[in-house]
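[1] predicted model and sequence follow; I will ask about them next.
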Amino acid sequence: DQQVKQNSPSLSVQEGRISILNCDYTNSMFDYFLWYKKYPAEGPTFLISISSIKDKNEDGRFTVFLNKSAKHLSLHIVPSQPGDSAVYFCAARMEYGNKLVFGAGTILRVKS
Amino acid sequence: NAGVTQTPKFRILKIGQSMTLQCTQDMNHNYMYWYRQDPGMGLKLIYYSVGAGITDKGEVPNGYNVSRSTTEDFPLRLELAAPSQTSVYFCATTWDRGVGTEAFFGQGTRLTVV
């Protein structure tokens, strides 16, 4: 029973273009959503987050959008750079207990 | 500032052997977690702890045990290793709920059971 789903295992984008990574969730009790980036042989690192009471959060080239009615969030990277090539995990925090539930991840490849 | 430190980085175990994965944090965070990452499966929560002396099961606790005698340390014990436990294991911490929402991860332990 996957509560957080990333349906695209991989995405390939040309350098300078926009990368859009998608995430769907099923549990209405999630109150906070996060994106993590992971390089090979390293632990995931925090990228950007959004509270369930907001619909957009922006940090430099990274913007996260939340559509609560659709239980969908997306991460936009503009412009994409080769160094953005990594696995991106979507995560959701349960309202109680501070536990994070992760999606399966999407491999992003940015071609130069 | 070391953050979250995991040891060892790599380990090969034979079926039936036991081992302890070590995790230490120097951020004084109360919440600590153990996740495993299987290919294409994301991160699954094994066990977590909300503070010293308190632990609870996550999604996939079978075959594992944990203890939390101090704020800093959260070791994960495999008693009878099985091939299904071949995975990459990550330890993580978070701030108290409502204060911070980031999770800080260690570099991971790649375990192979043969």
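    Thanks, I have the structure now.
[2] what's the helix or strand A:Leu47 falls within packed up against?
    Using DSSP states H and E, A:Leu47 sits in strand A:45-51. Applying 3 or more CB pairs under 8 Å, 6 or more residues apart in numbering or on different chains; DSSP states H and E, we find strand A:45-51 packed against strand A:30-38, strand A:56-59, strand A:62-67, strand A:72-77, strand B:103-105. C-beta here means a position set from N, CA and C on the backbone, and glycine is covered the same way.
[3] okay, and the helix or strand of the chain with the least pLDDT?
    In the absence of a named chain, this looks at chain A. Scoring the helices and strands of chain A by mean pLDDT, DSSP states H and E places strand A:100-102 at the bottom, with a mean of 86.
[4] if you could check chain B rather than the one you did, that'd help
    strand B:103-105 (a mean of 88).
[5] which SSE is immediately downstream of that strand?
    With DSSP H and E, the next secondary element past strand B:103-105 is strand B:109-113.
[6] so B:Leu80 sits right up against B:Met19, yeah?
    No. In this structure, B:Leu80 is not within contact of B:Met19 by CB atoms under 8 Å, at 10.6 Å.
[7] who has more neighbours, the two?
    Under the criterion of other CB atoms under 10 Å in any protein chain shown, the comparison of B:Leu80 against B:Met19 puts B:Met19 first, with 16 against 10.
[8] what pairs with the strand holding A:Leu47, parallel or antiparallel?
    Here strand A:45-51 is paired, per DSSP bridges, with strand A:30-38 (antiparallel).
[9] in chain B, what residue lies closest to chain A?
    Nearest residue of chain B to chain A: B:Phe105, at 3.3 Å (CB to the nearest CB).
[10] okay, now that residue: neighbour count?
    Neighbours around B:Phe105, by other CB under 10 Å: 23.
[11] low-confidence ranges in chain A?
    Flagging of chain A using pLDDT under 70 yields the residue ranges A:1, A:96-97.
[12] give me the number of neighbouring residues for the residue of it found nearest chain B.
    Using CB to the nearest CB, the single residue of chain A nearest to chain B is A:Gly43, 3.3 Å away. Counted with other CB under 10 Å, residues neighbouring A:Gly43 total 22.
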